[in-house]
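>>> can't give you the sequence, but here's the structure:
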């Protein structure tokens, strides 16, 4: 067997290095770096598209009354904004970062299954087309919220079927991608890299990959039951046929809550990479960080019904889910304390990646604490389905996940392109994003407390001032991201030559290879001491 | 770099201060609405407790962070220490948050038990959510009515000045006596809705096919306004809840008036109506109940909501050879509904159904030649 492989290698060794060029380089790519790049660009395109939908939402909410869109279109905007941001922007961005960085960080030449890797990326395209094209079918896009609760989603038109199909495709992509990441991490680490020597980003992705494998099939099950209810006469979610609409919510959130952590654990990994670099100090409490991540992952499967406190569960259920949800703040707190302890007595500098990381620690904690407020069931009765919840999850998903991704992109961009990005413009991007984000979402805490429900196109006049502030912030936030695009393109096209080390305080195998990272790296495994 | 750190702090504080300043003279508060029930008061206090605890934790933790950001910088020549573990510290910051959580959980648990106790209620009202209106049925009082948004479409479309309670006003408010324990049993006819009045501390999903219970006891007379809190389709933002809490006497008077109103409506079914009267009445009924889906001009929003104009049902034959209405005829559809279309027999009286049928057969671009006019007596017979 080994001789055949060797012979094969000798015969075609040259060809396998002459990879296709032009479009085919990308279509047929099995290279983790090219696929990572494609994931990141795809995710940015989806980020801008779903962001544009949010601009539509904020334009309509700028003033009371209906100005730009009718209520049915408004509901399509909120639904697709959520779906595309989650499945099109945040998740693929993390997979893109994993594709680029996991092999580089563990000293592997590529992912374990390069062809599957290609497939898991290209599956995203038809899914994205289905979601975006659904705006143009009769009745418009899905409008029942990203959560797709029946019976409302059973009423929807063919766009709901397109959405369900897109979710199935995205699920396959995620599961395949996760298997690839797990296999790569377990089998392709450089000699000497024990599990407890792995970089935190790799650890968080390993745990995230398990969450994906466990959660995505559950979502697939939920939407499959939905489609059979819609077209094949089943009544899983219809009380008239012995079903229960709330069953969908249980199954959906059994997926949905781990999904929240799927979108935040890799962000924790990015922070745990960037903060030690710019504090010039090792990550504090590495082992407890690993255990905390695992604890969060396990707990994420037993808290789902806190999304359903107003459905009217029995007391025992309400108490269980309140306590388990409160408990999650303990390991999350450990993470925050560890980051602070990493900064403590460091020798800090504040390049763009560090600015993003510090801001994420600060703002994510706001989202975490409002999450604790929502965990207290009686309080949640007042806050459920209000703008308070909208504020809460944007503090977690935008200033947690999305801003970590941005920090990560700035951090690794020199390694990917071989050039330093424009530090001044990077900082401008950071400050405009951070300020605009807070102007947009901080007032939503107040509109929510004052009683404004979410997912409404029009509101009573008592909410007018705050909504106007939020809308102004949102437009600024949207425009700021064009600056991000400009900085990245500028960096790709040129700039100061990056060293291999790039950052003074950076540690890890990815900084031992050239900048830009050659097409093939670690063909001979490095030795980790 | 020093400047940057300060400007970061400044931004956060600055935006917070601007917000506080700009809202200080705005007409509304920054907090939960003033509670008028015992439960809502407990929720309010619980929320304040948690906010203060969280704020204290936040200030302490980030005071440490900003101190570190300020002191432990390379630009001021701070050299990095290399410690990366401290077991005692890690145990401490695991245990302390856990203890704080227990402090929060105790009062929350008490409130949950109180919220769930629907026993010994003074009265029961069945609340049913429809797309997009609420129905209140005073179970032992024989009073039952629909509550619709009363804000005009012109206000929504910015063609008229918005009223004081824009989007939070209804034609028929729910009325309850002050100081009485009111038990609500909630359900829905089509999709999930949620009945929410912030001042009562009550938010409960209304789920089709299931009955859920909640209760409130309002301690203060007044008008309290809430909204549907679960996305229920196109007009989710347009199905407010208005509850008037009144004295016992006023409540009893209201019950009598409501019963008389219903009797008067039923009496109308026995007389012969002129076509013009039916059309005038039908227009009002249509605009209140039908226009939200089928649109004021009858064009509908296909494919979800079919057009009335040119509709086969609105122009077609109603009665079969045996003198009974045909399946899928105009009367059948109005009385029994189909899919998203509600069964209106439970929601409207004979006069209202007859008039809206006549209206949709003769107006909105339609001119039915068969069964051009439908009389209330025909609906009464068809029920």
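Sure, I can see it. As the structure is a prediction and not an experimental result, all values here were calculated from the model.
>>> contacts, neighbours, all on C-alpha from now
OK.
>>> over to residue B:152: give its phi and psi.
Residue B:152 adopts backbone torsions of phi -80, psi 160, taken as degrees, to the nearest 10.
>>> quick one: neighbours of it, just the number.
Number of residues near residue B:152 (other C-alpha atoms under 10 Å in any protein chain shown) recorded here: 15.
>>> quick one: it from chain A, how far?
11 Å (C-alpha to the nearest C-alpha, to the nearest Å).
>>> kindly report the same for residue B:330.
Residue B:330 is 22 Å from chain A, where distance means C-alpha to the nearest C-alpha.
>>> thought that residue was touching residue B:319?
No. Contact criterion C-alpha atoms under 8 Å: residue B:330 and residue B:319 do not qualify, at 9.4 Å.
>>> shaky segments in chain B?
For chain B, applying pLDDT under 70 flags the ranges B:1-29.
>>> for it, which helix is longest?
The helix spanning the most residues in chain B, taking DSSP state H as the definition, is helix B:38-71.
>>> and the helix or strand just after that helix, what other elements does it pack with?
For helix B:38-71, the following helix or strand on the C-terminal side (DSSP states H and E) is helix B:87-116. The contact analysis (3 or more C-alpha pairs under 8 Å, 6 or more residues apart in numbering or on different chains; DSSP states H and E) places helix B:87-116 against helix A:315-327, helix A:329-343, helix A:377-383, helix B:38-71, strand B:212-216.
>>> against which helices or strands is the second one packed?
Which is helix A:329-343. With contacts taken as 3+ C-alpha pairs under 8 Å, 6+ apart, helix A:329-343 sits against helix A:265-279, helix A:286-299, helix A:352-375, helix B:38-71, helix B:87-116.
>>> point out the most buried one among these.
Ranked by mean neighbour count, the helices and strands packed on helix A:329-343 are led by helix A:265-279 with a mean of 26 (mean count of other C-alpha atoms under 10 Å in any protein chain shown).
>>> got the contact list for residue B:244?
The contact partners of residue B:244, by C-alpha atoms under 8 Å, 6 or more residues apart in numbering or on different chains, come to B:173, B:174, B:175, B:176, B:221, B:222, B:223, B:224.
>>> let's see that with 10 Å instead.
B:173-178, B:218, B:221-225, B:251 (C-alpha atoms under 10 Å, 6 or more residues apart in numbering or on different chains).
>>> which of these fall within strands?
Among the contacts of residue B:244, DSSP state E puts B:174, B:175, B:176, B:177, B:222, B:223, B:224, B:225 in strands.
>>> what residue in the stretch 251-383 of chain B comes nearest to chain A?
Going by C-alpha to the nearest C-alpha, chain A is nearest to residue B:303 of the stretch 251-383 of chain B, at 5.9 Å.
>>> contacts only, for that residue.
Going by C-alpha under 10 Å, 6+ apart, residue B:303 touches A:138, A:139, A:140, A:156, A:157, A:158.
>>> which two in those are spaced the farthest apart?
Pairwise distances among these were taken by C-alpha to C-alpha; the largest, 10.5 Å, belongs to A:138 and A:156.
>>> shared neighbours of the two, anything?
When contacts are counted by C-alpha under 10 Å, 6+ apart, residue A:138 and residue A:156 have B:303, B:304 as shared neighbours.
>>> tell me which of those two has more neighbours.
residue A:156 (22 against 14).
>>> quick one: the more buried one from chain B, how far?
Per C-alpha to the nearest C-alpha, residue A:156 is found 7 Å from chain B.
>>> likewise for residue A:495?
Residue A:495 sits at a distance of 23 Å from chain B (criterion: C-alpha to the nearest C-alpha).
>>> contacting residues for that residue?
So residue A:495 contacts A:414, A:417, A:418, A:419, A:420, A:421, A:422 (C-alpha under 10 Å, 6+ apart).
>>> one more time with 8 Å, if that's ok
Contacts here follow C-alpha under 8 Å, 6+ apart; on that basis residue A:495 touches A:419, A:420, A:421, A:422.
>>> doesn't it fall inside a strand?
No. If the criterion is DSSP: H, G, I helix; E, B strand; the rest coil, then residue A:495 is coil and not within a strand.
>>> give me phi/psi at it?
phi 140, psi 180.
>>> same thing with residue B:246?
Note on residue B:246: backbone dihedrals following degrees, to the nearest 10 are phi -130, psi 170.
>>> just residue A:386 next, same as before
Dihedral angles for residue A:386 - degrees, to the nearest 10 - are phi -110, psi 180.
>>> who's in contact with it?
Under the criterion of C-alpha under 8 Å, 6+ apart, the neighbours of residue A:386 are A:448, A:449, A:451, A:452, A:453, A:454, B:229.
>>> neighbour-wise, which one of those residues leads?
Ranked by the number of neighbours (other C-alpha under 10 Å), the contacts of residue A:386 place residue B:229 first, at 30 neighbours.
>>> quick check: the gap between that residue and residue A:244.
Computed as C-alpha to C-alpha, to the nearest Å, the residue B:229 to residue A:244 distance reads 20 Å.
>>> equivalent analysis for residue B:218, please.
From residue B:218 to residue A:244 the distance is 32 Å (C-alpha to C-alpha).
>>> who's more crowded, those two?
Shown here are residue B:218 and residue A:244; by other C-alpha under 10 Å, residue B:218 has more neighbours (26 against 20).
>>> now the more buried one: closest residue in space, sequence neighbours ignored.
residue B:37 (4.9 Å; C-alpha to C-alpha, 6 or more residues apart in numbering or on different chains).
>>> surely that neighbour and residue B:224 touch.
No. Using C-alpha under 8 Å, residue B:37 makes no contact with residue B:224, being 11.6 Å away.
>>> export the contacts of residue A:495 to JSON lines and tack on distance to residue B:241, pLDDT and neighbour count?
Listed next are these as JSON lines, based on distance: C-alpha to C-alpha, whole Å; pLDDT from 0 to 100; neighbours: other C-alpha atoms under 10 Å in any protein chain shown:
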{"residue": "A:419", "distance to residue B:241": "59", "pLDDT": "96", "neighbour count": "22"}
{"residue": "A:420", "distance to residue B:241": "58", "pLDDT": "97", "neighbour count": "24"}
{"residue": "A:421", "distance to residue B:241": "55", "pLDDT": "97", "neighbour count": "26"}
{"residue": "A:422", "distance to residue B:241": "54", "pLDDT": "96", "neighbour count": "19"}
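>>> would you format those residues as a markdown table with secondary structure and distance to residue A:225 included?
What follows is those, written out as a markdown table (DSSP: H, G, I helix; E, B strand; the rest coil; distance: C-alpha to C-alpha, whole Å):
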| residue | secondary structure | distance to residue A:225 |
| --- | --- | --- |
| A:419 | strand | 50 |
| A:420 | coil | 50 |
| A:421 | coil | 48 |
| A:422 | coil | 50 |
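>>> any idea which of the residues you listed is closest to chain B?
Once C-alpha to the nearest C-alpha is applied, the member of the contacts of residue A:495 that ends up nearest chain B is residue A:422, at 16.7 Å.
>>> for the closest one, phi and psi?
Backbone torsions of residue A:422, given as degrees, to the nearest 10, read phi -80, psi 100.
>>> could I get the contacting residues of it?
Counting by C-alpha under 8 Å, 6+ apart, residue A:422 makes contact with A:487, A:490, A:491, A:495.
>>> where's the spatially closest residue to residue A:289 that is not a sequence neighbour relative to residue A:399, distance?
In this structure, residue A:289 finds its nearest non-sequential neighbour in residue A:335, 6.2 Å apart by C-alpha to C-alpha, 6+ apart. Distance of residue A:335 to residue A:399, given as C-alpha to C-alpha: 16 Å.
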